[in-house]
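Trainee: Provided below for reference: sequence and predicted model.
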Amino acid sequence: MLELLDIRKRFGALVALDGVNVRFSPGRVHGLLGENGAGKSTLMNVAYGMLKPDGGQIRMNGTPVVLRSPREAIAKGIGMVHQHFMLAGAMSVLDNVLLGDWRATQFLNRRRAADELAALAERLGWTLDPLVPVERLSVGQQQRVEILKALWRDARLLILDEPTAVLTPPEVEQLFGAVERLRDEGRSVVFISHKLGEVKRICDDLTVLRRGRVVWEGAAEDVSPAELANHMIGRDVETVTRATFSRRGHATPIPDDTLEQARLRLDNVTAANLHDVSFQISPGEILGIAGVDGNGQQELAAVVVGLRPPTRGRVLWHGSDVTAMSLEQRRILGFAHIPNDRKREALVPTMSVTENVMLKEYRDPPMSRFGVISWPKAAAVAKHVVDQFDVRAQSLDVAVATLSGGNQQKVVLAREFAIQPRVIVAMNPVRGLDVAATNFVYEQLLARRAAGAAILLISSELDELLALCDRIGVLYAGRLTMTNFPATGREAIGRLMAGIDLPAESR
Amino acid sequence: MSAIAPPAMPNRTPGRLRTAIMSIVGSLGSAAICVAITVALLATLPATNQETERPYSYGEKVHLVLKTTYDRVIRPRSPAARAGYRNWILTLQSATPILLTGLAVAAAFRANVLNIGTQGQYVLGAIAAAAIGIYIPAARWLLIPLLLAGAMAAGALFAGIAATLERWRNVPVVLSTLLLNFVALEFLRYMLQGPMRAVGEDGRPLDPQSTELAEFARLPQFFSDVPRQGLHLGFVIAVAAALVLWFILRKTTFGFRLRVVGQNPVAARFAGMNAARVSFATLALSGALAGLAGGVQIAGTTYVLYPDVGTDGLGFTGIAVALLARLSPIGVIFSAIFFGLLKTAFVALQESPLEIHSNAAQAVQGLLVIAVLIVSSPQWRRLVGHVMRRDRAAAA
């Protein structure tokens, strides 16, 4: 049993952990819930020896221990699977597992080591060839390698940091199966997540953190997802459900022939990682693209906004061919883009809010004339735009990096929606945001839909798509399969995401 | 690490003035550390007191270094009549080429274009300026602008080779600019052995250097009529270049693109900017500034093209100058003057009782560049910031 008692940790002025008490018992799955910045990862990094707490005590089976490094934590039977895997791609599964393990020296007989590893995987219900290079495995399989790595070192306590974020629904099921087996073997599993449904399903005990404090703890069966959400955010905000958003502010129907004209159309678009993709989106409609990351989503967004020309096929808007138009030309037509990676693709974190707001229109009056920027006018434009989106920044001169994730995304929305967009491409627009910011983004998207924008929403969160979209297609291996949503249900879409049940021609 | 991201704004928001003051204080702090390191290093060199014939103690040497520097370099009115002014003129004269190469490096590094070929671009600028000054018959009012423009064009074109290689075959700019330095050096030697070599009255070739620039091809100078003794127009040009670069970076859309590309090339592409084109233009701008440094050096200071121009290291010093100024064009003015001051100080120290040899002084200057790199590195700043925060937290 691992006990974390009165753990305190601060980073500069920020109190990350403010006296947290939590117990992980053997044979239990313990869920750790909280919004971004609540302290989940900090707490687990303390338990794994990566961070030194400022105060408090860690006890193992009643005796106080000091964990100075992950190495010491591993030696004491603590294993952790990070959200971003720590694997050497070119090396085999076996080598990755043996890497840095003192027992590796005893296994000069690789055959025997490989057999033991395969047996270990089988115990968890997985089949895995230990000699395959890790880079050839899917993301889900790589996660299994990470778990095996921890178990190989005989972890009695296994920490899983947001393990389902990268998995397809069937892979999630298999992960849960393995977690249950580990529990039955008498190990403790710590399950960090913000997906309430999953947490409630798999966990025995739950701890909810908010601003570095434990705000609720108890058995998972005693609490509803709605109650958990309340604990997490500290006030009554509805969980994101279809009921909250469905069909709110529907655009007035446009006669069919005009509709035909006004649509955004992709005709047989082929590009790197995309094969023969066609679809149409009408004004006032949200088309959702489901799929696990890396199945062509990034390329699809790039083709639509004009970042990458397709090798074949056309992009049509309002009946005219925009395929050859640059990103800037499409911007003038009203194309907006909310990229996948906020800090890398959408913003320049080291630059000010003003500079980030003017990132695309900096050449237009009043922000600049004849190539010379007027900073007072740029600041006025930025203030006007940013105020409409309730961005909380002490000044527009501060670097965007100092804002919270939610406020950063609001800066992106402010910039992209300031042009009254007619076409919006949004990819995982709420990734990493807390509940309040998530709801804000959803409301904004629905407001644009009501205003008649054609919206392409690409997301790896199926629940998000189910709640927001009018139609849903699934991208798998670069091919798009349209579903009959809402007639097609959640499970069926999940199977399509995993490449199961695909129509014959797209296999 | 999402868990430690501050949920709200940090409690202080520096205004623009405060940011400026902070950065000046920071640079002064860096400069102070560098001075301390230089003095400490110089004092380790052995020296003997001529009168008592005993070696100086470390403390005495530190005192002598500081005293000599103050008396001979900084104090405006030294007992030796007008020597004080003369030293300040020398300081500003030494600061002129490195101010320009410092600007060249600052412009490039701001766009994350690692141009370390300023030495080569400087040499090409010097060659072009000398060639125009010597061989083009033109009136003074036309010749000098022509000469400087030629120097800029030569530097820009030479940097353009590296820029082209990057666009055409993805050759890293760091490598191409570094290696082109050697090309420039050998090209200079070739020019001085062959086409540009001065010939005596009997038609026999003289030392491998060019003919001296005619008086009307030299930059006008102030505070003295003796050639090479006054402050030449190049310093004014360099300061003006710093102001122009500041304007470009801060006030123009091109400068905005340059900074965005430098800070986050991916976001630049997602915003529709052509990062490759911006890098290309930046490298040309940087090369033009380094070339201008070469032109100003020839027309203002040496009046003649000779092999040492290739190895004087003024282009490389620009890297240290720019880093000490944290890539701020206005800051480069001050850091270049600081480096010029060091140079004058080293000359004075040679003549002081310490008799520090100029080679030793150059070695110390090399170590100083490394010290500058350490002090201006983000890791160092993070460390200092961390310590300061901890102290503040302890005080609170």
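Mentor: Perfect, thanks for sending it. On a predicted model such as this, the values are computed, not experimentally measured, just so you know.

Trainee: rest of the way, CA atoms for contacts and neighbours
Mentor: Will do.

Trainee: helix, strand, or coil at residue 21?
Mentor: You didn't pick a chain, so chain A it is. At residue A:21, secondary structure determined by DSSP: H, G, I helix; E, B strand; the rest coil is strand.

Trainee: now name the helix or strand holding the residue nearest to residue B:286 when sequence neighbours are not counted.
Mentor: Spatial nearest neighbour of residue B:286, excluding adjacent residues (Cα to Cα, 6 or more residues apart in numbering or on different chains): residue B:104 at 4.2 Å. Element membership for residue B:104, per DSSP states H and E: helix B:83-110.

Trainee: just name the shakiest helix or strand of the chain by mean pLDDT.
Mentor: Using chain A here. The helix or strand with the lowest mean pLDDT-type score in chain A, counting by mean pLDDT, DSSP states H and E, is helix A:242-245 (a mean of 42).

Trainee: got phi/psi on the residue positioned nearest the centre of chain A?
Mentor: When chain A is reduced to its mean C-alpha position, the closest residue under Cα atoms, centre = their mean turns out to be residue A:431, at 4.4 Å. For residue A:431, the backbone dihedrals (degrees, to the nearest 10) come out as phi -60, psi 130.

Trainee: measure it to residue A:496 for me?
Mentor: For residue A:431, the distance to residue A:496 (Cα to Cα, to the nearest Å) stands at 22 Å.

Trainee: quick one: buried residues of stretch A:177-196?
Mentor: Burial within stretch A:177-196, assessed by neighbour count using 16 or more other Cα atoms under 10 Å in any protein chain shown, is assigned to A:177-183, A:187-194, A:196.

Trainee: keep only those of those residues that are in helices.
Mentor: Under the assignment DSSP state H, the buried residues of stretch A:177-196 contribute A:177-183, A:196 to helices.

Trainee: return the item of the residues you listed having minimum pLDDT.
Mentor: Across those, the bottom pLDDT score, 74, is held by residue A:196.

Trainee: leaving out chain neighbours, which residue sits closest to that residue?
Mentor: Nearest non-adjacent residue to residue A:196, counting by Cα to Cα, 6+ apart: residue A:225, 5.7 Å away.

Trainee: and for the one you found, the neighbour number?
Mentor: Using other Cα atoms under 10 Å in any protein chain shown as the criterion, residue A:225 is surrounded by 16 other residues.

Trainee: got the contact list for it?
Mentor: When contacts are counted by Cα atoms under 8 Å, 6 or more residues apart in numbering or on different chains, residue A:225 is found next to A:196-197, A:200.

Trainee: which of these lies closest to chain B?
Mentor: Within these, proximity to chain B (Cα to the nearest Cα) peaks at residue A:196, which comes in at 18.4 Å.

Trainee: contacting residues for that closest one?
Mentor: Taking Cα under 8 Å, 6+ apart as the definition of contact, the neighbours of residue A:196 are A:225, A:228-229.

Trainee: so which of those sit within helices?
Mentor: When DSSP H is applied, the contacts of residue A:196 are split such that A:225, A:228-229 fall in helices.

Trainee: now render those residues as JSON lines, adding distance to residue A:343 and pLDDT.
Mentor: Formatted as JSON lines, the ones in helices among the contacts of residue A:196 follow (distance: Cα to Cα, whole Å; pLDDT from 0 to 100):
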{"residue": "A:225", "distance to residue A:343": "31", "pLDDT": "75"}
{"residue": "A:228", "distance to residue A:343": "29", "pLDDT": "79"}
{"residue": "A:229", "distance to residue A:343": "27", "pLDDT": "71"}
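
Trainee: quick one: which of those residues is nearest residue B:303?
Mentor: Ranked by distance to residue B:303 (Cα to Cα), those are led by residue A:229 at 77.8 Å.

Trainee: from residue A:206, how far off is that closest one?
Mentor: Taking Cα to Cα, one finds residue A:229 at 13 Å from residue A:206.

Trainee: correct me, but residue A:32 touches residue A:192?
Mentor: Yes - contact status for residue A:32 versus residue A:192: in contact at 4.8 Å, counting by Cα atoms under 8 Å.

Trainee: which residues touch the residue in the stretch 201-350 of chain A positioned nearest to chain B?
Mentor: Closest to chain B within the stretch 201-350 of chain A is residue A:345: 4.3 Å, counting by Cα to the nearest Cα. Residues in contact with residue A:345 (Cα under 8 Å, 6+ apart) are A:339, B:266-268, B:270.

Trainee: quick check: the two most widely separated of those?
Mentor: Across the contacts of residue A:345, no pair lies farther apart than A:339 and B:268, at 12.6 Å, counting by Cα to Cα.

Trainee: would you map the strands across the stretch 151-300 of chain A?
Mentor: A:157-161, A:188-193, A:205-210, A:213-219, A:264-271, A:274-281, A:285-290 (DSSP state E, counting those that start in this stretch).

Trainee: and the shortest one, how far from the chain's centre?
Mentor: In other words, strand A:157-161. With Cα atoms, centre = their mean, to the nearest Å as the basis, strand A:157-161 stands 19 Å off its chain's centre.

Trainee: residues near residue B:131, how many?
Mentor: Number of residues near residue B:131 (other Cα under 10 Å) recorded here: 21.

Trainee: apart from its chain neighbours, what residue comes closest to it?
Mentor: Here the nearest residue to residue B:131 in space, its sequence neighbours aside, is residue B:196; by Cα to Cα, 6+ apart that works out to 7.7 Å.

Trainee: that neighbour is in contact with residue B:206, isn't it?
Mentor: No - using Cα under 8 Å, residue B:196 is not in contact with residue B:206; the gap is 10.9 Å.

Trainee: the more surrounded of the two?
Mentor: Summary of the neighbour comparison: residue B:196 and residue B:206, criterion other Cα under 10 Å, with residue B:196 having more neighbours (21 against 14).

Trainee: and the more buried one, what helix or strand is that in?
Mentor: Going by DSSP H and E, residue B:196 is not in any helix or strand.

Trainee: next, residue A:323: secondary structure please.
Mentor: Classification of residue A:323 by three-state DSSP places it in coil.

Trainee: again, but for residue A:301
Mentor: Assignment for residue A:301 (three-state DSSP): helix.

Trainee: and it, what pLDDT?
Mentor: The per-residue pLDDT reported for residue A:301 equals 95.

Trainee: returning to what we had before: got the strands of the stretch 151-300 of chain A as JSON lines, with distance to residue B:357 and mean pLDDT columns?
Mentor: Written out in JSON lines, the entries for the strands of the stretch 151-300 of chain A read as follows (distance: least, Cα to Cα, whole Å; pLDDT from 0 to 100):
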{"stretch": "strand A:157-161", "distance to residue B:357": "62", "mean pLDDT": "92"}
{"stretch": "strand A:188-193", "distance to residue B:357": "66", "mean pLDDT": "90"}
{"stretch": "strand A:205-210", "distance to residue B:357": "66", "mean pLDDT": "89"}
{"stretch": "strand A:213-219", "distance to residue B:357": "65", "mean pLDDT": "89"}
{"stretch": "strand A:264-271", "distance to residue B:357": "66", "mean pLDDT": "90"}
{"stretch": "strand A:274-281", "distance to residue B:357": "68", "mean pLDDT": "92"}
{"stretch": "strand A:285-290", "distance to residue B:357": "73", "mean pLDDT": "93"}
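
Trainee: how about a markdown table for the ones you listed, with distance to chain B added?
Mentor: Output for those, formatted as a markdown table (distance: least, Cα to the nearest Cα, whole Å):
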| stretch | distance to chain B |
| --- | --- |
| strand A:157-161 | 12 |
| strand A:188-193 | 12 |
| strand A:205-210 | 11 |
| strand A:213-219 | 13 |
| strand A:264-271 | 18 |
| strand A:274-281 | 19 |
| strand A:285-290 | 21 |
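
Trainee: just put the ones you listed in TSV and tack on distance to residue A:9.
Mentor: Compiled in TSV, the strands of the stretch 151-300 of chain A are given as follows (distance: least, Cα to Cα, whole Å):
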stretch	distance to residue A:9
strand A:157-161	19
strand A:188-193	19
strand A:205-210	14
strand A:213-219	11
strand A:264-271	48
strand A:274-281	46
strand A:285-290	39
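
Trainee: select, out of these, the one closest to residue B:248.
Mentor: Of the strands of the stretch 151-300 of chain A, the one closest to residue B:248 (Cα to Cα) turns out to be strand A:264-271, at 38.5 Å.
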